[in-house]
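Chemist: quick one: sequence plus predicted model below, questions after.
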Amino acid sequence: MGKLFAVAVTVITLISAALFVTHTWWLPPDISVLGRGIDGQITETMVFTGALFVAAQLALALFVWQSSDGVATRVIRSFPGGATFMVVFACAIVSIELVSLVFVGTKVWSSIYLDAAPANALHIDVQAGQFAFYFRYAGPDGKFGVPHPELIDEGNSNFFGLDPKNDTAARDDIISASLVVPVNQPVLLTMHSKDVGHSLFIPELRLQQDFVPGLVIPVHFTATGITKTEVVCTQLCGLGHYNMRAYVEVLSRDDFAKWLVDQAGQ
Amino acid sequence: MQKTMAPPSAARTGVWVAIAAITMSFAAYSSAMVIRQGPVPEWQHFRLPSILYLNTFVLVISSVTLELARRRVGGPFDSLGRVDLSQADAVRRRIVWLYVTLALGLLFLGGQYLAWTQLSAQGVFLATSPSSSFFYVLTAVHALHLLGGLAALTYALRSLRSDDGPRPVNVLGAAALYWHFMAVLWVYLFVILALWV
Amino acid sequence: MDTVSASITEHAPAAAHHHTAPTGWIRKYVFSLDHKVIGKQYLGLGLLAVCTGMALSWVMRYHLAWPDKAVPLLGLIAPKFAAGGVITPEFYLQVMTMHGTIMVFFVLTTAPFAGFGNFILPIQLGAEDMAFPRFNMMSFWVTFVAFAVLVAAFFIPDGPALSGWTAYAPLSAVGKASGPGEGLGQTLWAVSIAIFCIGQLLGSLNFIATTLDLRTKGMTFMRMPYSTWAWFITAIIALIAFSVLLPACVMLILDRVAGTSFFIPAGLVVSDTLQPHSGGSPLLWQHLFWFFGHPEVYIAIVPSFGIVSTILPVVCRKPHLGPRVLIGCMLAIAGLSYMVWGHHMFLSGMSPTSATLFSVPTLIITIPSAIVTLLWLGTVYGSKLRLTTAALFCLAFISVFVTGGLSGFFLSQPSIDTYLHGTYFVVGHFHFVMGVAAMFGIFAGTYFWFPKIFGRMMNETLGKWHFALTFIGVYATFMPMHWLGLTGNVRRYSSFPSDYMHGSLPLHRFITFSALFLGGAQLIFLVNLIWSRFRGPIAPANPWEASSLEWDTTSPPPFDNFGGVHPVVYHGPNEFGVASPRGDYVMQTDPPAAAAAV
């Protein structure tokens, strides 16, 4: 039984490792400035943990294989180096990885969150609510209207609770059900939630951030490829959570400019 | 077949463990309060009812009377663990101070209730503002735990009156430890409420 | 309560105080003060809970694989929520919430800790019972009431909560407006968990006081079995963790029923209604919940560390490598577990700087985890394995703990978590460490201690079939979830209408087949349990030739555990592979050898 177990562990390990290494199921290609750093982290971690995974499982399989022949006269053997070796090995391995992963990782993390958005970033206001995303552009006047929760009226498409009668800046705000951005242009999203917690996830941009009711949270990104993809909600928000999504369109600069003009005209 | 019950030291260990747990739970409440009270416009500071100062004094005094009860006489037991009848007076005196402690404890709880009525008369209720919510929750949860302390002291009283041997002294010691903790906890809560509510 | 003291002669004039064995069915089996009965009650509750939780998972997995098909039989069992067996999105989430809540609280926190711990710990210490038997009895019945309150949500008109076992505010705090089940269902959830906290605190009180004060003569701390150490450490973790969850639940209940705003900010418009709350913080709930939630996963796994470390020397006939290091690592894990909670909140909107502050201890906690894994591997190296079912589950535990632990490496780095958060990668990770590794610890403990608890041996053939099918089944079920996560497949979805997730269906179907296969394999275990309980061969006192005190008494032990004798301990629990009158091991109570060993 022991040898059977050892074989099973080995087979499972090799199959799993192969499916990871061959990228049979893998991340979609990244089209963001952030993407390279994050993907690099993932690859490095995959190599490191993959090596440990294979080594540990094969060691287990080997030790079990060797120890399960049931020979009564076999003498037990202590692991060379004993517990001290284990402690030193574990500390060494983890410390090496700690240093490399955390140092590099911190740079990537800072570039996502701690660095401010570039001054020329296109500012888009995002609101999440049960169960849709709405995106607001400042319009030709370049100014956003002030949102008032008590004025929200979805039936009349006033998703943000704007007051165009009394608020001039609100009159030309563009509301879109899709996130449309120009390529190679930094974009700043200010995220707020209408009701409960939500989250925004755009896999190809390697971008994810929770919406927290009561807070306005800024994130920024730069898309590097023209595409149409999706943003989905990843924070459980109620029965419609599975269907809370929107399209993300990365357009060429010209196409984006055309789109803006179109929207402003409506 | 019989089982021997746990040694007397287990009661004190138990109380220390309970103190650790209760401390953590109040740490959770009070850290929540400290974090929330930042520059939030809805916080709405209000003045603590002045009776709270008196209540604090009463509770601290009750700790003193409890210590008087505990240490008054060095044990009314002879070397075989039997009640030393010549020390019956000492036992009686100890019991008196215990009654005083219980009365002060009840007085404290009454005073807390008065504080709540004073606040609600001013229109400050549980849900009025975050500050009032924390005030009511902290004082109510403390009062609930204090009730447990009263129950423990009552149990110690009964034990003193009917049990022999070292058991009543140990029960009283454990109950006293808990009671002193309740007093210290209240002083801490009073200070943070005074600072932030 | 007072009738209990009728059998406790605590007012007797004698110096020592005793309580006699109870008579009467209620006193013996229902409101028993005996830790052995209480342990069995907890194990029974755990068994009931795991069957319920597992059935709920089948409903979920069936729906994920065939979103448009009705679930067979479900329409009969739940005609109100799943008419005709069709699973609505809200019912999916309600089932998911109850699955997680039942499994985490009523299986993983009860069975390995309160279940085995209550039965075995006092005996391993040489004590007659726990320090506070009445509190112990209360702890079980309080836990049982908590379970009843939780399950009651299935029988109310709107059904159970749908906010997940994590119950994030404001979804869980604003009430009915946020979704079906968010009315009474969510309140029942919060009340149930609050009651559960109290039950666990009473239990932890007993474990800690008993370990500190009731060790028999010669049982120093360093001679305690590793399972005892693990339960003791778990009790300390639980004491602090549940003390924080209780206030969180109290505040959540107040937000829901008393109009307070601990977790609800101003200006929320839910279901077209402006909510009357203001001044609260949803992040506060997350901080409080995860301050409990992360130590909770160590509460789930540390008892299994102890169980594996206790069983391995017995089945390897060889001392555990580095026992002091093992104990030190368990203590380190306990301490560090309180410093890492923010790694569940990297993307929550809390300060990005604190993300790095949480990431570092999260990576550091892998050091003691890695060390204990290496110590187990080093113990298996060069051993003389006796491959009982318990042994197989211990060996498999090492395998699945490695797998689950390594996937955590990805999630502990904030920059990677930016992608993997909220995906099936997380689901795969926590199921491996909690749903598989901790369960394997429970299985190992069951196969190992069943003879001691019930006086009969379990069937080894059935055990080995159960093991083999389960081992294949868990990898087939949970490993593919990592791949789903890498593709960006989002969790907590009842189905996948998004364009980019359409391609995930084949893998989901494979997982469902594996899960149903895995569930079927557990029937072998159930049959074995029930059959052996009544018809298994009678067990000797020490069928495994183990060393700790529970094996030095009858199977099952007498009422006071040792038949009037107070055992004296001369050895630690780790003396295997040594020549002795018994063969190749020394029991803790054997007379001291010429070369006195600790």
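Modeler: Here it is on my side, so go on.

Chemist: what helix or strand does B:His142 sit in?
Modeler: helix B:130-162 (DSSP states H and E).

Chemist: what is that helix packed up against?
Modeler: Applying 3 or more Cβ pairs under 8 Å, 6 or more residues apart in numbering or on different chains; DSSP states H and E, one finds that helix B:130-162 contacts helix B:9-36, helix B:88-121, helix B:167-196, helix C:226-257. To be clear about C-beta, it is placed using only N, CA and C from the backbone, and glycine gets the same treatment.

Chemist: so it versus helix C:226-257, what angle?
Modeler: 130 degrees (axes from the mean of the first three to the mean of the last three Cα atoms, to 10 degrees).

Chemist: quick one, which of the helices and strands packed on helix B:130-162 is packed in tightest?
Modeler: helix C:226-257 (a mean of 25; mean count of other Cβ atoms under 10 Å in any protein chain shown).

Chemist: other residues contacting the following helix or strand past that one?
Modeler: Once the chain leaves helix C:226-257, the next helix or strand it forms, by DSSP H and E, is strand C:269-270. The contact list for strand C:269-270 (Cβ atoms under 8 Å, 6 or more residues apart in numbering or on different chains) reads A:129-130, A:149-150, A:152, A:161, A:194-196, C:170, C:174, C:177-178, C:275.

Chemist: how does it look with 7 Å?
Modeler: A:149, A:152, A:194-196, C:174, C:177-178 (Cβ atoms under 7 Å, 6 or more residues apart in numbering or on different chains).

Chemist: can you pull out the low-pLDDT segments for the chain?
Modeler: Since you didn't name a chain, this refers to chain A. For chain A, no stretch is flagged by pLDDT under 70.

Chemist: actually chain C
Modeler: C:1-19, C:593-598.

Chemist: show me where it has its strands.
Modeler: For chain C, strands defined by DSSP state E occupy the ranges C:18-20, C:269-270, C:273-274, C:576-580, C:583-585.

Chemist: got those as CSV, with mean neighbour count columns?
Modeler: Output for the strands of chain C, formatted as CSV (neighbours: other Cβ atoms under 10 Å in any protein chain shown):
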stretch, mean neighbour count
strand C:18-20, 17
strand C:269-270, 22
strand C:273-274, 13
strand C:576-580, 17
strand C:583-585, 16
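
Chemist: near chain A, which residues of chain B?
Modeler: Within chain B, no position is near chain A by Cβ under 7 Å from any Cβ of the partner chain.

Chemist: so which bits of chain B are right by chain C?
Modeler: Going by Cβ under 7 Å from any Cβ, the residues of chain B near chain C are B:1-7, B:9-10, B:13-14, B:17-18, B:20-21, B:24-25, B:28-29, B:32, B:35-36, B:40, B:42-43, B:81, B:126-127, B:129-130, B:133, B:137, B:162-165.

Chemist: burial measure for residue 69, as a count.
Modeler: Picked chain A for this. Counted with other Cβ atoms under 10 Å in any protein chain shown, the neighbours of A:Asp69 add up to 11.

Chemist: try again with chain C
Modeler: 12.

Chemist: how close does it get to C:Val86?
Modeler: 9 Å (Cβ to Cβ, to the nearest Å).
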